[in-house]
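Undergrad: Sequence unavailable; structure follows:
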């Protein structure tokens, strides 16, 4: 589904805009001042770019439901491992080397080695890639979906039961105060994955009240979670005060965009090949754009006289080129080798 691939890159670019010009922190050092001063008219809108992650989760719910349909547990697991790990391992090495050369903080050797498992967060190790917290959320979703749907065999009824049970149990986990339940059931992100699965049921079986009900409940619960996580109290000092309306509008856009590129025939059947390339670049771009991009911005700001807008576009463009190289030189050759090794 090429249009869906294109939307994945849009979500990644939203997150990129947030990391480069929509927040404070380390990026202040790269620009030499706050991005709010560098981009006074764009910093506020860019601060909503972090919600690209929620759009990713809706897309993931759709795609994992689609890719897991008709597969056994072994093939589903192998497909996820070969999809995630090659580019991730390469990004770990590149970011660690770049930070060492730039004189920035490098994690300890034990923590670096732990990062190669992609389990550094539950292990309590320091993260090399700041964005890897989303991978930990994805892995928990894969595990839940594999056990509840793939293992017994995917059916419409089973997916509906899984969506309903996960929604209810996630709400319980959110109010129970039980740390393990919250970690396992992800109440803050579950509605987005659930909504994506609901959209896939509509895509596969047609329009019906049950499937659209799953999507509607996912949106109604998800928008509240997004507002809770991204709207700060008025008295709190933050980079930019996002509004409730703005957060809800971006989340609604994300849901509508996923529905459009999967369920509207004139859009879902787009056959533009460059959209497939955009989809292929999304994951490696997402992995490297944050840390390597901030280093790139710092180098361009302090060693050239380019305008900030050009620096912003150039840094993002360089990360897209690096993502293409990772896809061509790492993912394409290593993924089939890893797949064959695991299947044996």
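TA: Looks like it arrived, so ask away. Quick caveat, the model's predicted, so the values are computed rather than measured.

Undergrad: Could you check how far the helix or strand hosting residue 37 is from the centre of its chain?
TA: According to DSSP states H and E, residue 37 maps onto helix 35-38. From the chain centre to the centre of helix 35-38 is a distance of 25 Å (C-alpha atoms, centre = their mean, to the nearest Å).

Undergrad: Could you do stretch 46-61 as well?
TA: Stretch 46-61 sits 6 Å away from the centroid of its parent chain (C-alpha atoms, centre = their mean).

Undergrad: in the helix holding residue 37, what counts as buried?
TA: Residues of helix 35-38 classed as buried by neighbour count (16 or more other C-beta atoms under 10 Å): 35, 36, 38. All C-beta spots, glycine's among them, are computed from the backbone N, C-alpha and C.

Undergrad: Please convert these to CSV, extending it with distance to residue 225 and pLDDT.
TA: Listed next are those as CSV, based on distance: C-beta to C-beta, whole Å; pLDDT from 0 to 100:
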residue, distance to residue 225, pLDDT
35, 26, 92
36, 26, 92
38, 31, 92
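
Undergrad: Out of these, which is nearest to residue 277?
TA: Using C-beta to C-beta, residue 35 is the member of these that lies nearest residue 277, at 29.4 Å.

Undergrad: which outside residues touch the following helix or strand past the helix holding residue 37?
TA: Toward the C-terminus, helix 35-38 is succeeded by helix 43-46 as the next helix or strand (DSSP H and E). Identification of contacts with helix 43-46 by C-beta atoms under 8 Å, 6 or more residues apart in numbering yields 17, 18, 20, 21, 22, 34, 35, 36, 39, 239, 240.

Undergrad: and the first one, how many neighbours?
TA: Counted with other C-beta atoms under 10 Å, the neighbours of residue 17 add up to 22.

Undergrad: next one: the second one
TA: Burial measure for residue 18: 23 neighbouring residues, criterion other C-beta under 10 Å.

Undergrad: Find the residue closest to it in space, skipping its chain neighbours.
TA: Of all residues not flanking residue 18 in the chain, residue 49 sits nearest, at 3.2 Å (C-beta to C-beta, 6 or more residues apart in numbering).

Undergrad: residue contacts, that neighbour?
TA: For residue 49, the contacting residues are 14, 15, 16, 17, 18, 19, 22, by C-beta under 8 Å, 6+ apart.
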